[in-house]
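K.L.:
Give me the fold of what follows.
(one chain, ligands or ions: 1)
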Amino acid sequence: MNFHQNAQSPQQALHLELTSVTRRLAARAPGNDGLVGQDSPSPQDSLKLELADVDRRIGNLKAILAEKLEKRSRILMVLETEGPRTEARLKFIDFDARRDPKTPFWCIMCQKDLKPDQAHKLVRLILTDHGAWPHAMHPDDVASFDAGELTIPENAHDHGAVRIGMDCAKKLGLAWTLAP
Ligand SMILES: [Zn+2]
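P.N.:
Predicted coordinates:
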């Protein structure tokens with residue numbers, strides 16, 4: 001815009017400036033390929049770009065929030081419609097089957113012998129899949145199970161209370177053990 005610069009009136013200069021700004025804004029409008037108006041963005045343009053970015057991030061957060069709210073309402077619906085539990089809670093005992101206990105006093109988990117007076121806990125042992133897998137019944141479910149109010153899976157059987165060493169009891173979770 002150097003030509004005729006000396007001849008410009010203030011009105012002409014303003015008009016040229018306005019034209020330039022309008023052209024730059026048009027160049028940045030959505031759908032424009034951005035090949036024109038490659039001069040560095042004005043503060044206004046930068047703010048508009050920033051605003052668009054913030055709006056986009058808000059849009060993303062709204063989508064995530066909508067998804068979470070939808071999930072929440074699904075969970076609430078299940079909680080409201082689901083009847084009382086029918087099966088006792090069981091926890092798999094990650095046992096070591098390589099041991100071969102020599103005495104009647106052994107730990108159900110590591111399967112090492114315990115001294116008869118050694119500190120230990122008990123678990124209510126439920127063997128599932130025709131005796132294949134040892135599980136501990138949650139102590140809070142034992143009374144209901146014994147009263148016939150809770151069941152165990154098909155092909156599982158109740159083996160009664162068995163010993164578990166203290167270290168293994170902690171690994172299993174003391175909440176799953178009974179006092180000896
Ligand atoms: Zn053990």
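
K.L.:
Grab the most central residue of the chain for me.
P.N.:
With distances taken as CA atoms, centre = their mean, the residue of the chain nearest its centroid is Lys68 (11.5 Å).

K.L.:
Buried ones in the host helix or strand of that residue, by neighbour count?
P.N.:
Element membership of Lys68 [criterion: DSSP states H and E] is helix 43-81. Across helix 43-81, burial judged by 16 or more other CB atoms under 10 Å covers Asp45. Where C-beta positions appear, they are placed from N, C-alpha and C, glycine not excepted.

K.L.:
How is the protein partitioned into domains?
P.N.:
Listed by automatic domain parsing, the domain ranges of the chain are 8-30+39-79, 90-176.

K.L.:
when you compare where the worst-scoring helix or strand of the chain on mean pLDDT runs with where helix 43-81 runs, what's the angle?
P.N.:
Within the chain, confidence by mean pLDDT, DSSP states H and E is lowest for helix 10-27 among all helices and strands, at a mean of 75. On the basis of axes from the mean of the first three to the mean of the last three CA atoms, to 10 degrees, helix 10-27 is oriented at 30 degrees to helix 43-81.

K.L.:
Tell me the bridge partners for Ala161.
P.N.:
With DSSP bridges as the criterion, Ala161 is bridged to Arg124.

K.L.:
Number of residues surrounding it?
P.N.:
Around Ala161 there are 17 other residues, counting by other CB atoms under 10 Å.

K.L.:
Could you report the distance from it to the ion?
P.N.:
Ala161 sits at a distance of 15 Å from the ion (criterion: CB to the ion, to the nearest Å).

K.L.:
mind listing what that residue touches?
P.N.:
Contact analysis of Ala161 by CB atoms under 8 Å, 6 or more residues apart in numbering lists 122-125, 178.

K.L.:
7 Å instead, please
P.N.:
122-124, 178 (CB atoms under 7 Å, 6 or more residues apart in numbering).

K.L.:
Could you tell me which residues of the protein lie near the ion?
P.N.:
In this structure, the chain approaches the ion at residues 107, 109-110, 165, 168, judged by CB under 5 Å from the ion.

K.L.:
Make a markdown table out of those residues and add neighbour count and pLDDT.
P.N.:
Compiled in a markdown table, the residues of the chain next to the ion are given as follows (neighbours: other CB atoms under 10 Å; pLDDT from 0 to 100):
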| residue | neighbour count | pLDDT |
| --- | --- | --- |
| Cys107 | 25 | 95 |
| Met109 | 23 | 94 |
| Cys110 | 18 | 93 |
| Gly165 | 22 | 97 |
| Cys168 | 23 | 97 |
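
K.L.:
Which ones among those lie within helices?
P.N.:
Per DSSP state H, helices hold the following members of the residues of the chain next to the ion: Cys168.
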